[in-house]
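Asker: Show me the folded form of this:
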Amino acid sequence: LSVQIAEKRDAILALQIQADSLKARIEENRKTRAEFEALEKKGIFTEQKRLQAIRQLEEVRLRHRITGLQYQILPAVVTQIGAPETAGMSLVTSRIVLNVRGFTDSDLVAFVEAIRLELPGHVVVEAFEINKLASPSAALLARIRSGAVADMVSGVVTLSWRAIRNVEKTAGQ
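Answerer: Numbering: from 1, shown residues only. Next up is the predicted model:
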């Protein structure tokens, strides 16, 4: 009888361990699902539309008092996700290089943060350099008051713009 009780106790303990493991996996799944949904909402699965991105850069430029913007969107690099026989997705990464000019360094930082948050997909700032062009002076402030463009800082920003897309399977696969 005591052997049967010990076996039942061991079986119950094993079930409790399995239940605890399942609870931990469910909680981890909830966390990763929330992360996945946030990326999905941000547009990680949308096509990288360069013309739309250029328009968005210009709109954000105006909103953040950026007086000069030159951009270069380099060709996309496509990386297969997973093993070749099971992969159904690929990561599309386009590097964006921005040369910006503005009044203050905080304007440049706010501009880059807005691009990072608002451009569809996943945007990572790889490099960001800010240089001081001029110190505030009475003459410079008078030019700004009169409406003239007076760049005080410039910056060079390198971004990685990422999206995920389905890989089309060919008939032979």
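
Asker: So what touches the lowest-mean-pLDDT helix or strand in the chain?
Answerer: Of all helical and strand segments in the chain, the minimum by mean pLDDT, DSSP states H and E falls on helix 138-145, at a mean of 75. Residues from elsewhere that reach helix 138-145, judged by CB atoms under 8 Å, 6 or more residues apart in numbering: 103, 134, 150, 152. C-beta coordinates here come from the backbone N, C-alpha and C atoms, glycine included.

Asker: where exactly do the helices run in this structure?
Answerer: With DSSP state H as the criterion, the chain has helices at 2-42, 50-63, 105-118, 138-145.

Asker: D105 and N131 touch, don't they?
Answerer: No: using CB atoms under 8 Å, D105 makes no contact with N131, being 9.4 Å away.

Asker: Give me the common contacts of the two.
Answerer: Jointly contacting D105 and N131 under the rule CB under 8 Å, 6+ apart are 153, 155.

Asker: hang on, the earlier thing: out of the helices of the chain, nearest to S94?
Answerer: Closest approach to S94 among the helices of the chain is made by helix 50-63 (7.9 Å; CB to CB).

Asker: now that closest one against helix 105-118, angle please.
Answerer: 150 degrees (axes from the mean of the first three to the mean of the last three CA atoms, to 10 degrees).

Asker: what's helix 50-63 packed up against?
Answerer: Packing contacts for helix 50-63, counted by 3 or more CB pairs under 8 Å, 6 or more residues apart in numbering; DSSP states H and E, involve strand 66-73, strand 89-102, helix 105-118.

Asker: If you count neighbours, what's buried in it?
Answerer: 53, 56-57, 60-61 (16 or more other CB atoms under 10 Å).
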